[in-house]
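Colleague: For reference, the sequence and a predicted model appear below.
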Amino acid sequence: MKLWIVGTDLAFAERAMKLGIAEGVVGLAADVEVLLALQEGTVAAAVEGTDLKEILFEAQTLVDISERVVVQIPFDRAGLEAVRTLFRKKILVMVTEVINPQQAWLAALAGAEAVLFDLSTLKDPWKILKEAVQLVTGHHVTIFASGFQSLDDLIPAQQAGVQTAIFNASLFETLIPSDDSTRRFQLAAR
């Protein structure tokens, strides 16, 4: 499973990306250039427009900054139409606000590079994710998950077929002990 981080806190994003373990960052459209400079991976940024014309304009503006930008588009009718149009232009899209396997499948059919499930919004996340993985098999789409409540969610997410986990700052910080806590552990072990 790959790891991405939420980069809305730029100081955290810089610290996290220096470790070299995250492959990408999800951030605000206004911060794309800063996030690109912090790391060599991909930056996903959301469009704010709600109609097809706005979505396509914002998407093109984002990818004009760098080819390392993946455009985030929410799942709805205009979003799906935009995904198809952007797919034809070879622009990478992550469909967000996906809440069931059928939506993941439709996004894959439209040409999405990735679909994002927010675990905190799903009633039975592991079942939904397993079914989504089954429906998109054969399509070139990556299943992302955010909204992890604890590190204990990683194993069931992986077993359900999630390919990339997105961690916020507080969860990411639990992965790696601070230098102070490591020193205290080492002293206590002596």
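Modeller: In hand now; what should we look at?
Colleague: now the helices: where do they sit in the chain?
Modeller: Per DSSP state H, the chain carries helices over the ranges 10-18, 32-38, 52-65, 77-88, 101-110, 125-136, 154-160, 169-175, 179-189.
Colleague: Does the fourth one pack against any helices or strands, and if so which?
Modeller: In terms of contact count using 3 or more Cβ pairs under 8 Å, 6 or more residues apart in numbering; DSSP states H and E, helix 77-88 is assigned the packing partners helix 52-65, strand 69-74, strand 93-98, helix 101-110. For the C-beta atoms, the positions are set from N, CA and C on the backbone; glycine is no exception.
Colleague: Determine which stretch of the ones you listed is the most buried.
Modeller: Of the helices and strands packed on helix 77-88, the one with the most neighbours on average (mean count of other Cβ atoms under 10 Å) is strand 93-98, at a mean of 25.
Colleague: Would you enumerate the residues in contact with the residue nearest to Glu48 when sequence neighbours are not counted?
Modeller: Closest residue in space to Glu48, ignoring its immediate chain neighbours: Glu58 at 6.6 Å, by Cβ to Cβ, 6 or more residues apart in numbering. Glu58 is in contact with 29, 47-49, 71, counting by Cβ atoms under 8 Å, 6 or more residues apart in numbering.
Colleague: Among those, which ones are in strands?
Modeller: Val71 (DSSP state E).
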